[in-house]
Structure formats: structure tokens, C-alpha cells
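Q: 3D, please:
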Amino acid sequence: MAKTLSMNYNKKLFQLSLLFFSVLCYSQSDKKEALHGNFTYLLKAKLNTQTPDYIHEEFFSLHIGENRAFFASSQSLKKDTVMANSLVSAKNTDGSITISLKNGTSVPKTKFPYTIIQSNEKVQYFQPVGMAVLTYKENIIENWKLIDETKVINTISCKKATVAYKGRNWIAWYAAEIPLPYGPYKFSGLPGLIIKIADDKNEYDFELVKSVPTSELEGKSINIKKTRYMEAVETTQPKFQKALKANNENIAAVLASSGTTILDGQEKINQRQKELDLNRKYLNPIELE
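A: Have a look, this model is predicted:
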């Protein structure tokens, strides 16, 4: 039976996300994968053309297993841990269950909820959209141009490579002395770990800022929850973008799908939709094509 309430829609959406997260948390058991590399990158990005002087900074983790690597926002991974440790449920008198967070819980925020898995052949992208995790696959980048130029970055001797990718021209610096063909975002396939990569307009810049010594990795496992990438719905990138756009533009439908009828929140939702539309107009995504 549909519930009829007067409510703040942001709170309701947050409750829906809690429900979705709780379902994922208990839907699978984790089988540990040995950790062979643990690297942290700092992203500096100009995310909005309307505020070109503002540079967003966020840390990302690159966890390397036996034959693949996992790339995700460090804040996003912390959010997983906080929510898993803070979820509480209560049974209501009508038999329904209310899921919430413990009082005083502070949830880390991220602008990048995705997970990317790199292998020798494919790159696979995962992201929650609505009440599902969607995924699509791409071939690894093969048109790198290796340049006979070297540079020392944070005491690491690096070699230069360039590539045109999704509407941007990228300059990468990789370490041949670290023979791992991985890097930040979807950038992989070079004969060494990517230490730094930026586009030629300096709108997106990833740089390695921390690495865990190999001696400290013994017995450690990759701590990225399988719920971020297991049982995802496979699609194509164009269809993923279409689904993401539809989800962002249809807040009311998301609320309605939970059985909630809004009495006096429609005006707030319409205003929020206008704000989202305006923000999208000035978005400066990492992929332009």
C-alpha cells in the first residue's frame, strides 16, 4: 500500500540508497583476492566550466591483484566501510523494516562513485544507477605513442607517452622500473605503472602520491567490496549514459518507485531538477566523446 507523506525528498532518496546498499551488503560473501600492489593517486580536476578557477581534489586507490587492477575513489571506498559498519534496522508495527544509520554517523562524500577494473585485454566500468549497478566493457588503449623523453617525478624515473582518448589529448609518464601495465581511470597498457597523466589543457591531472612497499603487502587482500562489481547489469557505454541521464532527470519517479506519494514536495523537486539541468550544462567531464 502506498505511503502518503509530506517529506524532504533528499532524505527519502538517502533512505533509498541505504536500502539499496543494505541489499548489496548481504547479497554476497567476499572471497579474498591477494593484494600485489597498493597505490594512491591525487586527482586535480576542473569539473565545471562555469567556475574554471575551482580545482576539485580527490584521492583514488589503485589495488592490483594477480591479473587485474581495481581503481576507485578512496572516499567512495571509505563510504562503503562507514555504511557497512553503521547500518541499523528496526521493525515497525506494520511489519515493515526501517533502515537507517547510527546517530552521529558522518558519511564520506565523493563525486566519483564508479569502480574500474583493468585487465590485460579489457577495461570494465561499474557504477550504481538507481537501484542497480550497471557495467560496460571497453578494449584497453592500444594507440599509445611512446616518446624518447624522461623525467623524474617524486624520485621515480619516468618515460613519456601520449594518446588521444575520448576527445582529450593525454600526456602520461610511466615507470618502466615498475612493470605493472596499469594506471588511473581507464589508462592502462603501457610497459610500466603510470605515475602521472594529464590532458594537454590541465583540466584533469592524476598523479601518484603514495605507494605501499611490497614487504607490507604480504598476506593482505584487496578490500574493495564485491558488491561494487559483482552481479552488475551489463550494457554499453551509450546505453549507460542514457540510463544515468534518465535517472538524474527523474527524481519523482525514483521516489514513486518506493511507494511514496509526494504532497508538497513537488515544487522542491522541480527546483532541484532545474539546478541539475543547469549544472549539467556546464559540466566538464573527463570524456568529451
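Q: for the residue lying farthest from the centre of the chain, helix, strand, or coil?
A: Distance from the centre of the chain peaks at Thr93, with 37.9 Å (C-alpha atoms, centre = their mean). Of the three states, Thr93 takes coil under DSSP: H, G, I helix; E, B strand; the rest coil.
Q: tell me the pLDDT at it?
A: pLDDT recorded at Thr93 is 81.
Q: helices along the stretch 51-200 of the chain, start to end?
A: Ranges of helices within the stretch 51-200 of the chain are 74-86, based on DSSP state H, counting those that start in this stretch.
Q: for it, give me the ranges with low pLDDT.
A: Low-confidence segments of the stretch 51-200 of the chain (pLDDT under 70): 99.
Q: hang on, the earlier thing: could I get the contacting residues of the residue farthest from the centre of the chain?
A: The contact partners of Thr93, by C-beta atoms under 8 Å, 6 or more residues apart in numbering, come to none. Where you see a C-beta, it was placed from the backbone N, CA and C, and this is true even at glycine.
Q: all numbers from here: first residue = 855
A: Renumbered: residue one is now 855, and that last one reads Thr947.
Q: how close does the most centrally placed residue in the chain get to Tyr1083?
A: Of all residues in the chain, the one closest to the mean position by C-alpha atoms, centre = their mean is Tyr968, 2.2 Å from it. Per C-beta to C-beta, to the nearest Å, Tyr968 is found 10 Å from Tyr1083.
Q: could you tell me which residues touch both of these two?
A: Common neighbours of Tyr968 and Tyr1083 (C-beta under 8 Å, 6+ apart) are Phe980.
Q: hmm, back to that, state the distance from the residue nearest to the centre of the chain to Tyr990.
A: For Tyr968 relative to Tyr990 (C-beta to C-beta), the value is 11 Å.
Q: now do the shared contacts for those two.
A: The contact lists of Tyr968 and Tyr990 share Tyr979, where a contact means C-beta under 8 Å, 6+ apart.
Q: phi, psi of the spatially closest residue to Leu916 that is not a sequence neighbour?
A: In this structure, Leu916 finds its nearest non-sequential neighbour in Phe893, 4.4 Å apart by C-beta to C-beta, 6 or more residues apart in numbering. Backbone geometry at Phe893, expressed as degrees, to the nearest 10, gives phi -130, psi 150.
Q: returning to that earlier point: the closest residue to the residue nearest to the centre of the chain other than its chain neighbours - how many residues pack around it?
A: Closest residue in space to Tyr968, ignoring its immediate chain neighbours: Gln981 at 4.3 Å, by C-beta to C-beta, 6+ apart. The local packing of Gln981 (other C-beta atoms under 10 Å) involves 20 other residues.
Q: all strands for the stretch 855-1004 of the chain, in order.
A: For the stretch 855-1004 of the chain, the strands defined by DSSP state E, counting those that start in this stretch cover 857-859, 891-899, 910-918, 923-927, 941-945, 951-955, 969-972, 976-983, 986-993, 999-1007.
Q: list the contacts of the residue nearest to the centre of the chain.
A: Contacts of Tyr968 (C-beta under 8 Å, 6+ apart): 926-927, 979-981.
Q: again, only using 7 Å
A: Counting by C-beta atoms under 7 Å, 6 or more residues apart in numbering, Tyr968 makes contact with 979-981.
Q: and it, how far from Thr989?
A: In terms of C-beta to C-beta, Tyr968 sits 10 Å off from Thr989.
Q: okay, and the common contacts of the two?
A: Contacts common to Tyr968 and Thr989, judged by C-beta under 7 Å, 6+ apart, are 979-980.
Q: all strands for the stretch 1005-1143 of the chain, in order.
A: Using DSSP E, counting those that start in this stretch, strands in the stretch 1005-1143 of the chain cover 1010-1019, 1022-1029, 1047-1053, 1058-1065, 1087-1088, 1114-1116.
Q: which of these sits most buried?
A: With neighbours defined as mean count of other C-beta atoms under 10 Å, the strands of the stretch 1005-1143 of the chain peak in mean count at strand 1047-1053, which reaches a mean of 23.
Q: ok, and what's touching it?
A: Applying C-beta under 7 Å, 6+ apart, the set of residues contacting strand 1047-1053 is 1007, 1010, 1012, 1022-1029, 1032, 1034, 1036-1038, 1041, 1058-1062.
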